[in-house]
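Trainee: I'd like to go over a predicted model; first the sequence, then the structure.
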Amino acid sequence: SWSFEGRLRFKPKWMLVALAYKFDQDGNRSIDRDFNFDGKEFQAGTSLDTNIQINTYILDVMYTVYSTDRAEIFLGGGIHAIDLDASISGGVFVGDKEVKRAKGSSEILAPLPNLRAQAYYALNDQWGLAVAMGWLSANYEDYDGSFAYIHPRIGYGFTDHWSVTAGYKYVDIDLTHEKSSSRESEFNMDFKGPTIFLNYRF
């Protein structure tokens with residue numbers, strides 16, 4: 001996965017934040033129970049190929065609610081777009097021969113509101129701590145749910161303009177897609193892992 005973030009302080013207490021985040025993961029497994037996805041039946045014993053792609057684009061306005069020589073806390077919000085594409089395809093094999101295959105998919109792309117908080121603390125002239133957390137709505141048409149995340153980081157500035165930050169990001173997704181009164185897809189997903197960023201300050 002990759003991420004790009006830009007911050008512009010256009011007034012002493014106001015900041016504009018733009019962020020793009022992409023996650024793409026493939027998988028394969030055999031299932032031991034029947035289930036339905038996108039109106040397609042997948043039977044026990046099916047070999048599944050899965051793919052999920054989540055692209056998130058965020059534009060927020062942040063306001064400084066607390067500031068000292070070493071620390072700063074921002075609160076704000078804005079709009080975001082989520083491009084989620086989840087697909088499952090599976091085949092039943094007899095020996096090496098595939099005798100049955102099914103495929104289902106689910107997508108969402110919409111501009112929606114979000115809330116965001118960020119905090120920074122300078123340990124000294126080179127080292128600093130930061131944390132960002134937020135909530136993103138996913139309520140749109142026949143979708144219902146939300147995304148939530150927290151991302152603590154530690155940074156080291158090795159020149160006046162360049163720094164590197166390392167952190168750990170946790171994302172929780174709780175989303176339901178109701179395609180009809182009798183058919184829906186539910187996504188309950190957790191993404192977590194280390195991050196590293198290269199930063200340039202103008």
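Mentor: Ah, there it is. Numbers count the residues shown, from 1 in each chain.

Trainee: How many neighbouring residues does Lys22 have?
Mentor: Lys22 is flanked by 14 other residues according to other CB atoms under 10 Å. Backbone N, C-alpha and C define where each C-beta goes, glycine included.

Trainee: Mind giving me the packing neighbours of the least confident helix or strand in the chain by mean pLDDT?
Mentor: For the chain, using mean pLDDT, DSSP states H and E, the weakest element among its helices and strands is strand 35-37, scoring a mean of 74. Helices and strands touching strand 35-37, as assessed by 3 or more CB pairs under 8 Å, 6 or more residues apart in numbering; DSSP states H and E, comprise strand 40-42.

Trainee: Name every strand pairing with the strand it packs on and say which way it goes.
Mentor: strand 35-37 (antiparallel) (DSSP bridges).

Trainee: Quick check: buried residues in the partner strand?
Mentor: Residues of strand 35-37 classed as buried: Phe37 (neighbour count, 16 or more other CB atoms under 10 Å).

Trainee: Ok, stretch 54-69 next?
Mentor: Neighbour counts over stretch 54-69 (16+ other CB under 10 Å) mark Ile54, Thr56, Tyr57, Ile58, Asp60, Met62, Thr64 as buried.

Trainee: Closest to Ile173 out of the residues you listed?
Mentor: Of all the buried residues of stretch 54-69, Ile173 sits closest to Ile54, with 7.8 Å by CB to CB.

Trainee: Does that closest one touch Phe23 like I think?
Mentor: Yes. The criterion here is CB atoms under 8 Å, and Ile54 meets it with Phe23 at 4.5 Å.

Trainee: on that earlier part again, tabulate the buried residues of stretch 54-69 (a markdown table), appending pLDDT and secondary structure.
Mentor: What follows is the buried residues of stretch 54-69, written out as a markdown table (pLDDT from 0 to 100; DSSP: H, G, I helix; E, B strand; the rest coil):
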| residue | pLDDT | secondary structure |
| --- | --- | --- |
| Ile54 | 88 | strand |
| Thr56 | 91 | strand |
| Tyr57 | 93 | strand |
| Ile58 | 95 | strand |
| Asp60 | 97 | strand |
| Met62 | 98 | strand |
| Thr64 | 98 | strand |
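
Trainee: out of those, who's nearest Gln118?
Mentor: Scanning those for proximity to Gln118, where the rule is CB to CB, the winner is Met62, at 6.5 Å.
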